[in-house]
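Asks: I need the structure of the sequence given here:
(chains A and B)
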Amino acid sequence: MGLGKYIARRAIYMVPLIIGISIVAFLVMYAAGDPIQLATAGNPSITEAQRNALRVYYGLNDPIPVQYVRWLDHFVHGDFGNSLYGGRPVNAIISTLFWETIKLQIVAIIPAFLIALPAGIYSALKQRSATDYSITSIAIFGISAPVFWIGITLILVFSFHLGWFPSAGAHGAPTLWTVFGIQNYTLDELIHLVLPGAVLTLAGLAYNVRLLRAGMLDVLRQDYIMAARASGISERKVLYKYALKNAITPLITLLGVSIGFMIAGAPITETVFSWPGLGRAYVTATLRLDFPLIMGITMIITIMILVANLITDMAYAWIDPRITIE
Amino acid sequence: MVSLRRNKNSEKTKRRGASQWAVAWRRFKKHKSGLFGLGMVIVLLAVAVLNSVIAPYPARPAPDAFKPLYEGEAAQPPSWKHPFGTTVMGTDVYSEVIHGSVYTVYVAVAVTLITMLVAISVGIVSGYMSKYVDEGLMRITEIFLVFPSLLFILVFARLYQLRNPEPFWNIAGIEIPAGLTMIIVILSVFSWASYARVIRGEVLRMKEAEYIQAARGLGANSRWIMLRHVFPNVLPQIIVLATLTMASAVLLEAAVSFLGFGDPNTITWGRLMEEGLQDLSTVWWVEMFPGLAVFLSVLAFNLVGDGLSDALNPRLRE
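Replies: Residues are numbered from 1 along each chain as shown, chains lettered A, B, ... in the order given. Next up, the predicted model:
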């Protein structure tokens, strides 16, 4: 089977998953209670007639399956409906937030891999050395510390105490942040990325190092490594030619898992740093039960995770010729 | 020959071979960080059990919890009297962290029990049963794996919050916080899938082992083999996964509470941090100490988990 066909099959495979998740999300929200009742509970001056008008406007009087099919129809046409608060189209809300989230994720995911890859592999190759102990200790601290606690600590030290970096938001408002006495839009954007980016990188890095080290150790225990050693091939060649080459494929799968882990954690970091992204919008939308927006963000984040998985599978198939034969 | 005879003569001094658990314990004892983690877990348990005895102030909503406020000591930085400082509302952070430990232990234990029960059942049945059962169970597991679980947990927690249920269930004289229990159930629903996959993998690997084939050849049925042969052999793996579940459960519950989706009737560590967040610039200690408590507890469980995985997993031995 060719690579193109393989990718197509994987992409088609995503469709039932997306539909399944949307059904569950839809059922959870719309079967849990009347969204209008919940959303207007805090407003004493609203009349029942106004509530009914809202229900008709959002089509909430129809049976749940009818509502779901209508939602699905709109979703397939790229329309998530209107927010219950202010009536702005969900698409417009998401499109402004989407790039902020992507920006923050990319800033974190790339360094988290680039540092974790050599660290994890080195740690496994030199198992039980001093370096290995330091790397694994830092990693276990990293996976144990709550992300929001690290974020708060960084804000206290680098923002409140030292005043080096802004503590909230993605852009300086009303005035741009001054970097080395210069006020520039790009510099302002970059400096806002530093603290949240650092927190996400640290969390992802610790997670990746542990995964990579375990994956690499697993390869080193294989019989063919022992066979290579037994045939008298130099240790250097065994490690760099036999072990590393075979370790790359399982490692790539692990990296796919970790991208999903990082994207899914977006609500926490974005809330701590008041980052105007999908994660924080999700938290606010959930707190005030803005159902169309919740559905929209859930689907976007699900698709992001699935696409990340697909890309890793593609890389997997591209590197390992055995995969495509299946 | 000589050794044979000696064995025969010294029947009384014959030592029983060390059981696999004794061997594992011996290995675990050599694992310094694992022992350190175990020590921290014991401290956490002791604090949770003794909470009212060692805490200088009672838990909210008791009026005495706000005593520092009446003494004019609200929003004070750490001092000898208030080692972790006081909150803006005038409660003692040190006491609140101690009271919160009970909930932490509850979350860790309960989530782990439910998660493991589901994961073990799905994993063993899926790995051992026919291809169709396996296929079906694994498809369901896969859906749970790609679920953006934190998002769903938040929605569920929020919908439950709005139902205004009774705050506590009184079971046999013990007040069980209803909201927190719901969060425990929600966390478990979204945690079992990856563990089920690991256990299934172990079972599949084991299924082809000769002793299982032999048992089947001797006429043992599936249930017997699953309970008597498969389960005891995946047990070490399960114990390791269980400790790691405790760590992730504590972390996740703290995050859910921190984001404002926790049980409003229980003052967990995450909730303490949520309450203090808006006054971060003035009362940093309200954030730091509960966060440190979460960090140390999670670290303790992770260290024990790492130690156990070295001690119990024969494949990792060199």
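
Asks: Find the closest residue to chain A in chain B.
Replies: Residue nearest to chain A within chain B (C-beta to the nearest C-beta): B:G291, separated by 3.4 Å. All C-beta spots, glycine's among them, are computed from the backbone N, C-alpha and C.

Asks: Enumerate every residue touching the residue most central in space within chain A.
Replies: Chain A has A:I263 as the residue nearest its centroid, 0.5 Å off, counting by C-alpha atoms, centre = their mean. The neighbours of A:I263, taking C-beta atoms under 8 Å, 6 or more residues apart in numbering or on different chains as the test, are A:105, A:301, A:304-305, A:308, B:148.

Asks: at 7 Å what do you get?
Replies: A:105, A:301, A:304-305, A:308 (C-beta atoms under 7 Å, 6 or more residues apart in numbering or on different chains).

Asks: what do you get for B:V97?
Replies: Counting by C-beta under 7 Å, 6+ apart, B:V97 makes contact with B:84, B:269, B:289-290, B:293.

Asks: Mind listing what's buried along whichever strand or helix holds B:Y132?
Replies: For B:Y132, the host element (DSSP states H and E) is helix B:131-146. By neighbour count with 16 or more other C-beta atoms under 10 Å in any protein chain shown, helix B:131-146 contains the buried residues B:134, B:137-138, B:141, B:144-146.

Asks: Around chain A, pick out the residues from the stretch 51-200 of chain B.
Replies: Proximity of the stretch 51-200 of chain B to chain A, by C-beta under 7 Å from any C-beta of the partner chain, involves residues B:143, B:146-151, B:154-156, B:158-159, B:162.

Asks: I'd like those written out as CSV, with distance to B:G217 and pLDDT added.
Replies: Shown next, in CSV, are these (distance: C-beta to C-beta, whole Å; pLDDT from 0 to 100):
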residue, distance to B:G217, pLDDT
B:I143, 37, 77
B:V146, 40, 75
B:F147, 42, 76
B:P148, 46, 77
B:S149, 43, 80
B:L150, 48, 83
B:L151, 49, 84
B:L154, 52, 87
B:V155, 51, 84
B:F156, 48, 83
B:R158, 55, 83
B:L159, 53, 80
B:L162, 58, 74
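
Asks: Identify the farthest-apart pair in these.
Replies: Spatial extent of those (C-beta to C-beta) is set by the pair B:V146 and B:L162 at 27.5 Å.

Asks: Of all residues in chain A, which one is closest to chain B?
Replies: Closest point on chain A to chain B, by C-beta to the nearest C-beta, is A:W149, at 3.4 Å.

Asks: Helix or strand: which one has that residue?
Replies: Assigned by DSSP H and E, A:W149 belongs to helix A:147-154.

Asks: Pull that helix out as CSV, backbone CA atoms only.
Replies: The C-alpha trace of helix A:147-154 is given here as CSV (Å, rounded to 0.1, in the frame of the first residue of the first chain):
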residue,chain,number,x,y,z
VAL,A,147,1.3,23.4,35.8
PHE,A,148,-0.6,26.2,37.3
TRP,A,149,1.6,26.3,40.3
ILE,A,150,4.8,26.6,38.2
GLY,A,151,3.0,29.3,36.2
ILE,A,152,2.1,31.2,39.3
THR,A,153,5.6,30.9,40.7
LEU,A,154,7.1,32.3,37.4
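
Asks: can you list contacts of that helix?
Replies: So helix A:147-154 is in contact with A:195, A:198-199, A:202-203, A:265, A:268-269, A:272-273, B:255, B:258, B:280, B:287, B:291, B:294-295, going by C-beta under 7 Å, 6+ apart.

Asks: Which members of those residues are classed as buried?
Replies: Neighbour-count burial (16+ other C-beta under 10 Å) applied to the contacts of helix A:147-154 gives A:195, A:198-199, A:202-203, A:265, A:268-269, A:272-273, B:255, B:258, B:280, B:287, B:291, B:294-295.

Asks: Could you list which of the residues you listed belong to helices?
Replies: Counted as lying in helices by DSSP state H, out of those, are A:195, A:198-199, A:202-203, A:268-269, A:272, B:255, B:258, B:287, B:291, B:294-295.

Asks: Those into a markdown table, with extra columns for distance to A:I294 and pLDDT?
Replies: Converted to a markdown table, those look like this (distance: C-beta to C-beta, whole Å; pLDDT from 0 to 100):
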| residue | distance to A:I294 | pLDDT |
| --- | --- | --- |
| A:L195 | 27 | 91 |
| A:A198 | 29 | 91 |
| A:V199 | 25 | 91 |
| A:L202 | 29 | 89 |
| A:A203 | 24 | 86 |
| A:I268 | 17 | 90 |
| A:T269 | 19 | 89 |
| A:V272 | 21 | 90 |
| B:A255 | 18 | 92 |
| B:F258 | 19 | 92 |
| B:E287 | 28 | 89 |
| B:G291 | 28 | 93 |
| B:V294 | 27 | 95 |
| B:F295 | 31 | 95 |
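
Asks: Just give me the closest of the residues you listed to A:Y224.
Replies: A:A203 (34.8 Å).

Asks: So for that closest one, what's the nearest residue that isn't a sequence neighbour?
Replies: A:V147 (5.0 Å; C-beta to C-beta, 6 or more residues apart in numbering or on different chains).

Asks: Next, name the residue at the spatial heart of chain B.
Replies: B:M246 (1.7 Å).

Asks: orientation of the helix or strand hosting it relative to helix A:147-154 in degrees?
Replies: B:M246 belongs to helix B:231-258 when assigned by DSSP H and E. Orientation check (axes from the mean of the first three to the mean of the last three C-alpha atoms, to 10 degrees): helix B:231-258 against helix A:147-154 gives 50 degrees.

Asks: Just the buried positions in helix B:231-258, please.
Replies: Those would be B:233-234, B:236-258, for helix B:231-258 by 16+ other C-beta under 10 Å.

Asks: try stretch B:210-222
Replies: By neighbour count on 16+ other C-beta under 10 Å, the buried set for stretch B:210-222 is B:212, B:215.

Asks: mean confidence score for it?
Replies: Across stretch B:210-222, pLDDT averages out at 85.

Asks: how far is that stretch from where the chain is centred?
Replies: Offset of stretch B:210-222 from its chain centre (C-alpha atoms, centre = their mean, to the nearest Å): 35 Å.

Asks: Residues in contact with that stretch: which ones?
Replies: Against stretch B:210-222 from outside (C-beta under 7 Å, 6+ apart): B:128, B:206, B:225, B:229.

Asks: Mark which of the residues you listed are buried, thanks.
Replies: Neighbour counting over those (16+ other C-beta under 10 Å) leaves B:128, B:206, B:225, B:229 as the buried ones.

Asks: count of residues packed around A:W164?
Replies: Burial of A:W164 is recorded as 12 neighbouring residues (other C-beta atoms under 10 Å in any protein chain shown).

Asks: Export the contacts of stretch B:210-222 as TSV, with columns for pLDDT.
Replies: Below are the contacts of stretch B:210-222 laid out as TSV (pLDDT from 0 to 100):
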residue	pLDDT
B:Y128	77
B:M206	80
B:I225	84
B:H229	84
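
Asks: Pipe the residues you listed into TSV and attach distance to A:L114 per row.
Replies: Below are those laid out as TSV (distance: C-beta to C-beta, whole Å):
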residue	distance to A:L114
B:Y128	42
B:M206	38
B:I225	47
B:H229	46
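
Asks: Among those, name the ones in helices.
Replies: Short answer: the contacts of stretch B:210-222 in helices (DSSP H) are B:128, B:206.

Asks: where are the low-confidence patches of chain B?
Replies: The model of chain B has pLDDT under 70 over residues B:1-17, B:164-165, B:314-318.

Asks: near chain A, from the buried residues of helix B:231-258?
Replies: Among these, the residues within reach of chain A (C-beta under 7 Å from any C-beta) are B:247, B:251, B:254-255, B:258.

Asks: so how far is stretch B:196-209 from its chain's centroid?
Replies: Distance, centroid of stretch B:196-209 to centroid of chain: 23 Å (C-alpha atoms, centre = their mean).

Asks: Buried residues in it, which are they?
Replies: Quick answer for stretch B:196-209 (16+ other C-beta under 10 Å): B:196-200, B:202-203, B:206.

Asks: any idea how far the helix holding B:Y132 is from the chain center?
Replies: 25 Å.
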